[in-house]
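K.L.:
Coordinates for the following, if possible.
(one chain, ligands or ions: 1)
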Amino acid sequence: MKNINILKRLLTSLLPYKWRLTLLIFISIFGVVFTVAKPLPVKIIIDNVLLKQEFPQFISDFFHINNSGQSENDLLIFSLALMVIIVLGEIFLGYISFLLVTKIGIGLVYDLSLELYKKFQSLSMRFYSKNKAGDLLQRFNGDIFVMYLLVGQIVLPLISSVLVLAGMFFVMMLIDTTLAIITISVIPLLVLALFVVNKPMNDSTLEQYSKQGELSGFVQQALVSMRVIQTFVREKFMLGKLDFLALGFKKAYFKAVTIGETYNQTVKLITGLASVVLVGLGAYKGLEGDLSPGDLYVFLGYITAIYGPVTSLSTAAGASVSLAARASRIYDILDSKEEVFEKDNSIDLNEKSCLIEFSDIQFGYNRFQEDEHCVLKQINFKAKPGKVTAIIGTTGAGKTSLISLLGRFYEPWEGQIKINGTPISNFSLVSLRSNISMVLQDPILFPVSIAENIRFGNPNATREQIEMAATLSEAHDFITKLPKGYDTIVSEAGLSLSGGEKQRLSLARTFVMDTPIIVLDEPTSSVDAITEGRIFRRLKDYCKDKTVIVISHRLSTIKNADQILVLKNGSISELGSHEQLIQQKGLYFNLYTQQTIN
Ligand SMILES: Nc1ncnc2c1ncn2[C@@H]1O[C@H](COP(=O)(O)OP(=O)(O)OP(=O)(O)O)[C@@H](O)[C@H]1O
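P.N.:
As a prediction, this is how the structure comes out:
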């Protein structure tokens with residue numbers, strides 16, 4: 001049932017192509033006429049030219065041929081001309097329908113790629129913590145391409161095979177009813193075979209592609225972590241893991257192919273045996289004089305030809321099972337619930353200065369699941385414009401989780417975050433996020449030029465603005481020393497740059513955005529203390545009226561912040577200025593004294 005629903009959904013995706021599809025169906029109908037008419041010229045040559053039989057009355061009437069005066073030569077030429085027309089017609093229609101099928105098929109792949117990528121961009125971070133990038137890539141690159149087969153291997157063969165079978169059945173009924181019925185009785189047997197094999201074929205195809213996804217996910221992860229693998233000398237260990245996954249894929253692949261091929265061969269067996277019965281019966285009827293040699297030729301021609309549409313019908317049925325299985329992997333993503341969504345009447349955030357207010361925030365990652373636990377509890381604080389709010393705390397205290405809520409990458413379980421008194425859920429996501437520049441812990445760069453990497457924060461930034469942002473983040477000097485300066489291409493995952501250089505580029509990308517809210521999550525953890533000091537001094541000037549939230553483990557960096565928020569096990573344990581917190585002699589005091597001694 002599930003497969004039928006998926007196929008229905010696939011078919012509705014053909015709606016934008018209805019006119020091309022209609023043209024394709026018309027071409028198929030013409031094609032059927034040619035296929036069905038194929039043995040007829042030879043039948044005329046055998047029966048009416050060689051054996052000099054008369055045409056049946058209805059044919060003579062239809063073609064206005066006078067039976068008594070028919071000339072063998074004319075008939076021969078007519079039949080040969082008919083043969084040439086049939087060959088040319090088949091070639092022409094085959095070519096046009098191939099082009100149409102390709103155009104529709106590749107169009108479907110294009111449509112779905114856009115839809116899927118759009119969905120990828122709308123899904124929250126929770127989705128990405130649950131799904132491996134490699135498997136998603138496999139679905140995007142591999143599974144989407146099955147759409148290409150929808151028209152070429154399912155819709156078109158189904159239509160043309162049914163039409164060809166109906167046409168042949170009609171002509172066969174005119175010649176011999178018994179043989180026609182035996183020929184058509186093959187179809188229920190094929191349906192039975194498909195019914196038996198449907199579930200195992202579906203399950204094994206799904207397993208095959210999910211194993212392939214796991215394997216490519218592992219390889220992708222290994223490729224970006226090659227340095228760690230080599231540093232820890234874990235090549236053998238990783239090879240063992242790959243071997244395990246590859247073996248799983250090998251087994252699943254073999255199982256899926258075996259089931260598919262068993263079905264194909266069963267189809268061949270059924271149609272092959274039916275052909276033997278038909279040839280035997282036809283020849284017997286020919287001997288008895290119930291079939292003319294020309295009719296027998298037509299029958300034999302159809303028996304061999306009928307194998308084609310019947311096989312393609314059953315192949316189409318088999319392909320639809322595998323297509324449904326792979327399409328379900330795509331629909332699973334398209335149907336994933338967007339945890340963070342916009343209200344219909346969302347408004348734009350359009351303020352020069354922003355007062356951020358966290359009220360009674362409760363949050364955790366795996367709500368309503370076995371491992372549900374609260375990561376943030378009763379968070380209440382305000383971050384004012386023109387002021388720097390620093391967040392510190394032990395590892396895993398919930399600092400990154402806290403700022404993720406501000407950009408609505410996750411939704412809080414309870415409580416509200418407001419900007420200038422309006423809940424952030426009232427703002428459109430685009431406007432909310434375009435007002436926040438965020439430097440994340442892991443500076444991710446793209447394999448494009450340095451200038452393009454910085455411009456990612458603001459596509460309209462001029463070269464001058466890019467260089468200013470780079471100066472602000474202490475990146476300008478090292479960039480100008482690179483062979484091509486700002487036009488140097490950052491290699492895959494930024495491997496050719498040091499950690500500190502990547503962080504400074506990431507900061508420049510943020511500064512070029514020029515937003516009223518700036519969030520920095522350990523932005524300078526890999527930068528030396530002197531450079532870091534210079535960056536923060538510049539930052540203070542730059543952020544004069546901006547609301548800045550900064551997370552850092554280096555207390556020397558944040559001791560000048562206007563307020564410091566100390567997180568402990570997901571709750572705010574201390575809040576105040578450096579001097580106030582030192583006087584409290586709590587966690588901040590301990591951490592600060594420890595770092596100063598070190
Ligand atoms: N995507 C996630 N899914 C489930 N749990 C998560 C996820 N991200 C973080 N956590 C958990 O939430 C808790 C808080 O993590 P968070 O990253 O916010 O801490 P942090 O204070 O920023 O730590 P650090 O200083 O190490 O960066 C941790 O227990 C962490 O394991």
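K.L.:
Please identify the buried residues of stretch 506-519?
P.N.:
Within stretch 506-519, the residues scored as buried using 16 or more other Cβ atoms under 10 Å are 506-513, 515-519. Backbone N, C-alpha and C define where each C-beta goes, glycine included.
K.L.:
What about the residue in the stretch 1-150 of the chain positioned nearest to the ligand, how many residues nearby?
P.N.:
Taking Cβ to the nearest ligand atom as the measure, the point where the stretch 1-150 of the chain comes nearest the ligand is Ser129, at 3.8 Å. Applying other Cβ atoms under 10 Å, we find 9 other residues in the vicinity of Ser129.
K.L.:
near the ligand, which residues of this structure show up?
P.N.:
Residues of the chain lying close to the ligand (Cβ under 6 Å from any ligand atom) are 129, 365, 375, 393, 395-401.
K.L.:
And the protein, what are its domain boundaries?
P.N.:
When the chain is parsed into structural domains using the TED database, the resulting residue ranges are 1-175, 356-597.
K.L.:
So which of these is the most surrounded?
P.N.:
Across the domains of the chain, the average number of neighbours (mean count of other Cβ atoms under 10 Å) peaks for domain 356-597, which reaches a mean of 18.
K.L.:
Show me what the strand or helix carrying Thr557 is packed against.
P.N.:
Assigned by DSSP states H and E, Thr557 falls within helix 555-558. Contacts of helix 555-558 with other secondary structure elements, assessed using 3 or more Cβ pairs under 8 Å, 6 or more residues apart in numbering; DSSP states H and E, are made with strand 388-393, helix 529-542, helix 587-597.
K.L.:
contacts for that helix?
P.N.:
With Cβ atoms under 8 Å, 6 or more residues apart in numbering as the test, helix 555-558 has contacts from 388, 390, 392, 524, 529, 532-533, 536, 550, 552, 564, 588, 591-592, 595.
K.L.:
swap in stretch 16-29?
P.N.:
By Cβ under 8 Å, 6+ apart, the residues outside stretch 16-29 that reach it are 14, 93, 96-97, 100-101, 103-104, 107-108, 111, 151, 155-156, 159-160, 163.
K.L.:
Could I get the phi/psi values of the residue of the stretch 151-300 of the chain found nearest the ligand?
P.N.:
Here the residue of the stretch 151-300 of the chain nearest the ligand is Gln221; by Cβ to the nearest ligand atom that distance is 16.2 Å. Per-residue torsions, Gln221: phi -60, psi -40 (degrees, to the nearest 10).
K.L.:
how about it, what does it touch?
P.N.:
Residues in contact with Gln221 (Cβ under 8 Å, 6+ apart) are 132-134.
K.L.:
what do you get if the cut-off is 7 Å, keeping everything else the same?
P.N.:
Contacts of Gln221 were listed using Cβ atoms under 7 Å, 6 or more residues apart in numbering, and they are Gly134.
K.L.:
quick one: pLDDT of it?
P.N.:
The predicted structure scores Gln221 at 82 on the pLDDT scale.
K.L.:
do the same with Asp61
P.N.:
At Asp61 the predicted local distance difference test score is 64.
K.L.:
Also Leu281?
P.N.:
Note on Leu281: pLDDT of 83.
K.L.:
and what of Ser71?
P.N.:
For Ser71, pLDDT reads 66.
K.L.:
What of Met201?
P.N.:
Among the per-residue scores, Met201 holds a pLDDT of 81.
K.L.:
Straight-line length of stretch 282-295, end to end?
P.N.:
End-to-end distance of stretch 282-295 (Cα to Cα, to the nearest Å): 9 Å.
K.L.:
Check what contacts it and list those residues.
P.N.:
43, 46-47, 51, 53, 175-176, 179, 296, 299-300.
K.L.:
what separates it from the chain centre, distance-wise?
P.N.:
For stretch 282-295, the distance between its averaged C-alpha position and the chain's averaged C-alpha position is 57 Å (Cα atoms, centre = their mean, to the nearest Å).
K.L.:
Just the buried residues of it, please?
P.N.:
When burial is assessed from 16+ other Cβ under 10 Å, stretch 282-295 yields the following buried residues: 282, 285-286, 291-292, 294-295.
K.L.:
any weak-confidence spans in the chain?
P.N.:
With pLDDT under 70 as the threshold, the chain has low-confidence stretches at 1-2, 55-71, 300, 303-308, 310-311, 367-371, 492-495, 597-598.
K.L.:
Regarding it, what is its longest helix?
P.N.:
The helix of greatest length in the chain, counted in residues with DSSP state H as the criterion, is given as helix 235-288.
K.L.:
Now the most centrally placed residue in the chain: closest residue in space, sequence neighbours ignored.
P.N.:
The residue at the geometric middle of the chain, judged as the C-alpha nearest the mean C-alpha position with Cα atoms, centre = their mean, is Phe140 (2.8 Å). Excluding the flanking residues, the one nearest Phe140 by Cβ to Cβ, 6 or more residues apart in numbering is Leu116, at 6.0 Å.
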